[in-house]
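1. Only the shape, not the letters, is given here:
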């Protein structure tokens with residue numbers, strides 16, 4: 001709980017306690033007139049209803065904001081993965097890919113560093129190593145099986161990431177390990193050969 005929320009909670013507590021004592025006093029003062037007591041009870045009920053409703057609406061709003069942020073993040077992640085797969089499809093169908101394709105692959109590497117889970121980054125590093133090995137002739141025509149095998153392993157990790165699954169039950173990655181994966185992926189995407 002942060003300081004602002006604690007302050008609101010404290011002010012609410014003071015208001016409720018002081019309101020209780022005031023309304024108790026008002027209820028005792030109006031003891032001789034039952035109609036006035038009923039009005040005090042109506043006011044007390046209305047205040048309690050407004051207070052509880054405002055608390056629930058604030059909580060609902062916070063939950064909706066988090067939900068909306070998660071949806072936007074998932075959409076950006078999905079779009080990045082689709083861009084990667086589209087690029088790989090276009091590169092594999094070309095007879096010879098050019099510097100522009102390699103540059104696009106390098107930029108996707110940096111986008112993945114923002115959105116991808118550590119397991120995807122790790123598998124992407126393996127994928128880039130295989131691409132580097134099989135791209136020495138500037139195309140993937142003779143190495144479709146290796147490319148498909150590497151791509152399928154990457155797609156499986158992407159699927160797990162998008163569905164928030166962890167089939168391998170791999171331990172969490174530290175910040176240092178994630179940083180090393182990102183640097184390694186960036187270096188590997190720069191080392192793809194063009195002849």
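-> Good, I have the coordinates. Because the structure is a prediction, the values reported are computed rather than measured.
2. roughly how far out does the longest helix along the chain sit from the chain middle?
-> Longest helix in the chain, counting residues (DSSP state H): helix 34-93. Here the centre of helix 34-93 is set off from its chain's centre by 15 Å, with C-alpha atoms, centre = their mean, to the nearest Å.
3. Domains in this protein, by residue range?
-> Listed domain ranges for the chain are 3-66, 74-190 (source: automatic domain parsing).
4. Turn those into TSV, including mean pLDDT and mean neighbour count.
-> No exception for glycine: its C-beta is placed from N, CA and C like everyone else's. As requested, the domains of the chain are exported to TSV (pLDDT from 0 to 100; neighbours: other C-beta atoms under 10 Å):
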stretch	mean pLDDT	mean neighbour count
domain 3-66	79	11
domain 74-190	76	16
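5. residues contacting the residue nearest to residue 115 when sequence neighbours are not counted?
-> Computed as C-beta to C-beta, 6 or more residues apart in numbering, the closest residue to residue 115 that is not its neighbour in sequence is residue 77, at 4.3 Å. Listed by C-beta atoms under 8 Å, 6 or more residues apart in numbering, the contact partners of residue 77 are 115-116, 161-162.
6. Out of the residues you listed, the closest to residue 42 would be?
-> Minimum distance to residue 42 across the contacts of residue 77 is 53.2 Å, recorded for residue 162 (C-beta to C-beta).
7. Pretty sure the closest one sits against residue 79.
-> No: Residue 162 is beyond contact range of residue 79, at 11.3 Å (criterion: C-beta atoms under 8 Å).
8. tell me, what's touching the two both at once?
-> Residues touching both residue 162 and residue 79 by C-beta under 8 Å, 6+ apart: none at all.
9. follow-up on the earlier one: how close does the residue nearest to residue 115 sit to residue 143?
-> To residue 143, residue 77 is 29 Å away according to C-beta to C-beta, to the nearest Å.
10. show me what contacts residue 51?
-> Residue 51 makes contact with 12, 16, according to C-beta under 8 Å, 6+ apart.
11. for the one 5 residues further on, same thing?
-> Contacts for residue 56 (C-beta under 8 Å, 6+ apart) come out as none.
12. what secondary structure does residue 164 sit in?
-> coil (DSSP: H, G, I helix; E, B strand; the rest coil).
13. re earlier: mind checking what helix or strand follows the longest helix of the chain in sequence?
-> Per DSSP states H and E, the first helix or strand lying C-terminal to helix 34-93 is helix 99-115.
14. Show the subsequent helix or strand relative to that next one.
-> helix 118-134.
15. And that following helix, what does it pack against?
-> Where contact means 3 or more C-beta pairs under 8 Å, 6 or more residues apart in numbering; DSSP states H and E, helix 118-134 is packed against helix 99-115, helix 144-162, helix 175-190.
16. Just send these back as JSON lines, with distance to residue 18 too.
-> Putting the helices and strands packed on helix 118-134 into JSON lines (distance: least, C-beta to C-beta, whole Å) gives the following:
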{"stretch": "helix 99-115", "distance to residue 18": "50"}
{"stretch": "helix 144-162", "distance to residue 18": "52"}
{"stretch": "helix 175-190", "distance to residue 18": "48"}
